[in-house]
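Visitor: Give me a model of this one.
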Amino acid sequence: MATITDTLDVEPGREPAAARLLGSRPVWLVLLAASVPMFMATLDNLVMTSALPVISKDLDASVGQVQWFVNAYTLAFATLMLAAATLGDRLGRRRMFLGGIVLFTLASVGSALSTTPAMLIAARAIQGAGAAAIMPLSLALLAGAVPVSKRALAIGVWGGVSGLGIALGPVIGGAVVDGVSWQAIFWLNVPVAVVAIPLALYALRESFGRSNPLDVAGVVLAGVAVFAGIWGIVHGNDDGWTSAIVLGSFIVSAVSLVAFLVREQRTEFPMMPLRLFKSRSFTIANIVSLGFSVGMFGAVFLVSQYLQIVMGYTPFQAGLRTLPWTAAPMLIAPLAGILAPRIGIRPLLVSGLALQAGSLAYMAVVLVPGSSYVSMIPALMMAGVGMGLTFAPSATAVLSDMADDDHATASSTNSTIREIGVTLGVAVLTAVFLGFGGALTPTGYTDALRPALIVGAFAVAAATVAALFIPNRRS
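Guide: Coordinates of the predicted model:
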């Protein structure tokens with residue numbers, strides 16, 4: 001089988017980045033080594049959704065604590081990805097990649113052993129920190145290993161694996177909760193890591209980027225901005241949106257965000273180089289990622305619980321019924337990766353986002369008291385196909401104008417913004433749900449779910465409009 005190094009041009013006096021990374025390893029093995037840990041991290045974004053009602057009951061958790069079971073993971077994930085990419089460039093991408101796998105696995109064990117909501121929230125935060133080193137470096141290692149002519153296809157396969165994690169998350173979580181216990185959904189990560197670590201050691205070679213010092217002040221300011229803003233949204237309904245503590249959290253968030261941007265503009269080695277946003281493709285791809293994540297992942301959080309609380313399905317039955325939504329990206333994302341160089345990324349992104357916005361609006365109409373699962377299937381299929389058309393083209397758009405040395409930073413910036421969108425989506429849509437009187441009971445769920453889905457549809461619709469302006473490159 002041909003290797004990636006067969007297709008690379010060698011710069012005079014310098015071994016190419018992909019050759020340093022791979023040696024003589026075949027392409028499929030490198031793709032597998034980069035994708036398996038990413039699959040593990042992606043799986044844990046949604047693996048809890050089918051288990052949340054069971055965990056909530058077992059640990060006697062409130063609605064706010066249930067949100068933090070998800071948000072603790074995504075906040076740590078979002079806040080630390082850029083720092084992990086910087087350290088990966090400086091200390092070695094494979095080294096940080098492996099460190100992320102180890103930390104993620106240990107935190108998974110901690111999650112499984114949790115006996116209180118606070119313990120689970122803390123373990124999930126550490127788990128998110130491990131995932132922060134896995135996801136962006138996975139894409140950076142892969143993108144730097146393939147020639148430009150094959151990059152869209154490789155990213156498409158990578159997106160398909162990501163889609164597989166999304167597809168199997170609710171199903172695996174539901175099956176394990178029904179068959180064993182909710183703790184077992186975290187124990188599953190241990191055997192995956194046992195395979196992933198030696199595979200990465202064998203198939204991947206160490207690579208480095210720019211040897212810049214870590215922007216500690218930037219990490220702290222970004223973390224405070226995101227955490228304070230999400231905290232205010234989560235506590236707005238309970239404490240009052242005009243209360244001093246909620247308003248104060250929003251002020252702290254805004255001031256920290258401004259300070260972060262000023263810091264990144266002036267420091268010699270920024271965590272998030274603002275120069276990357278000079279690329280229209282990169283900027284619009286990140287706007288799309290934010291709006292898409294707010295709408296769709298906030299909806300996934302609520303709809304997965306709707307299937308159990310209102311329709312009465314078990315966790316496994318509910319997970320199976322999300323497959324028209326979550327399985328489609330596994331099939332569509334590689335196809336989108338193949339089509340992107342031929343027809344351009346704009347038609348794929350616009351059509352995919354429009355399908356997703358329409359799916360949420362459709363669900364908001366059909367989900368009335370007494371509605372059946374069958375009425376949801378068209379909307380679930382629209383959402384799944386739309387997500388599949390979004391993943392690979394948006395990832396391609398993020399890297400299309402970037403130099404090889406910027407791949408890790410650009411990828412981690414996009415992943416950071418996307419995960420912030422996931423956290424915002426869960427927080428905002430849940431706040432709308434609670435603001436309309438939502439409760440975790442059959443009678444209190446449906447009426448409050450509908451306005452939350454409408455808000456999600458508007459968020460994805462805004463991303464659709466932004467996608468109209470992305471450069472439509474072809475190769």
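Visitor: all contacts plus neighbour counts: C-alpha atoms, from now on.
Guide: Noted.
Visitor: Sticking with the most centrally placed residue in the chain, tell me its helix or strand.
Guide: The chain has Glu419 as the residue nearest its centroid, 4.9 Å off, counting by CA atoms, centre = their mean. Glu419 is part of helix 407-435, with elements assigned from DSSP states H and E.
Visitor: which other helices and strands contact that helix?
Guide: helix 63-91, helix 117-143, helix 216-239, helix 280-309, helix 377-399, helix 442-467 (3 or more CA pairs under 8 Å, 6 or more residues apart in numbering; DSSP states H and E).
Visitor: hang on, the earlier thing: please look at the residue nearest to the centre of the chain and Phe292 and confirm they touch.
Guide: No - when contacts are counted by CA atoms under 8 Å, Glu419 is not listed as touching Phe292 (10.7 Å).
Visitor: quick revisit: Pro341 is nearest to which of the helices and strands packed on helix 407-435?
Guide: Smallest distance to Pro341 across these (CA to CA): 9.4 Å, for helix 377-399.
Visitor: hey, C-alpha coordinates of that closest one in CSV?
Guide: Extracted in CSV, the C-alpha atoms of helix 377-399 (Å, rounded to 0.1, in the frame of the first residue of the first chain):
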residue,chain,number,x,y,z
ILE,A,377,-38.7,10.9,12.0
PRO,A,378,-38.6,13.4,9.0
ALA,A,379,-37.2,16.1,11.3
LEU,A,380,-34.6,13.7,12.7
MET,A,381,-33.5,12.6,9.2
MET,A,382,-33.2,16.2,8.0
ALA,A,383,-31.1,17.1,11.0
GLY,A,384,-28.8,14.1,10.5
VAL,A,385,-28.2,14.7,6.8
GLY,A,386,-27.6,18.4,7.5
MET,A,387,-25.0,17.7,10.2
GLY,A,388,-23.2,15.3,7.9
LEU,A,389,-23.1,18.0,5.2
THR,A,390,-21.6,20.5,7.7
PHE,A,391,-18.8,18.6,9.5
ALA,A,392,-16.2,18.0,6.8
PRO,A,393,-16.7,21.2,4.7
SER,A,394,-16.5,23.4,7.8
ALA,A,395,-13.3,21.6,8.9
THR,A,396,-11.9,22.0,5.4
ALA,A,397,-12.8,25.8,5.4
VAL,A,398,-11.0,26.3,8.7
LEU,A,399,-7.7,24.9,7.3
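Visitor: just how off-centre is that helix within its chain?
Guide: 13 Å (CA atoms, centre = their mean, to the nearest Å).
Visitor: do the same with stretch 92-107
Guide: 18 Å.
Visitor: hmm, who's touching it?
Guide: 37, 84-85, 87-88, 123-124, 126-134, 137-138, 141, 189-190, 193, 197, 200, 204-209 (CA atoms under 8 Å, 6 or more residues apart in numbering).
Visitor: Burial check on Val417, number of neighbours?
Guide: In this structure residue 417 is Ile, not Val. Ile417 is flanked by 22 other residues according to other CA atoms under 10 Å.
Visitor: Surely it and Val288 touch.
Guide: No - assessed by CA under 8 Å, Ile417 is found out of contact with Val288, at 9.8 Å.
Visitor: Surely Phe391 and Ala333 touch.
Guide: Yes - shown here, Phe391 and Ala333 form a contact pair, counting by CA under 8 Å, at 6.3 Å.
Visitor: These two: which has the busier surroundings?
Guide: Ala333 (31 against 27).
Visitor: Now do the phi/psi pair for Asp60.
Guide: Note on Asp60: backbone dihedrals following degrees, to the nearest 10 are phi 60, psi 50.
Visitor: Distance of it relative to Thr116?
Guide: From Asp60 over to Thr116 the distance is 8 Å, taken as CA to CA, to the nearest Å.
Visitor: Stretch 39-53: how far from the chain's middle?
Guide: Worked out by CA atoms, centre = their mean, stretch 39-53 lies 11 Å from the chain centre.
Visitor: repeat for stretch 52-63
Guide: 23 Å.
Visitor: Show me what it is in contact with.
Guide: Contact with stretch 52-63 is made by Val66, Thr115, Thr116, Pro117, Trp182, Gln305, Gln308, Ile309, as judged by CA under 8 Å, 6+ apart.
Visitor: one step back: any idea which of the helices and strands packed on helix 407-435 scores lowest on pLDDT?
Guide: Of all those, mean pLDDT reaches its minimum on helix 63-91 (a mean of 81).
Visitor: starting at the chain centroid, how far to that helix?
Guide: 10 Å.
Visitor: Likewise for stretch 356-374?
Guide: 24 Å.
Visitor: Buried residues in it, which are they?
Guide: Across stretch 356-374, burial judged by 16 or more other CA atoms under 10 Å covers Gln356, Ala357, Gly358, Ser359, Leu360, Ala361, Tyr362, Met363, Ala364, Leu367.
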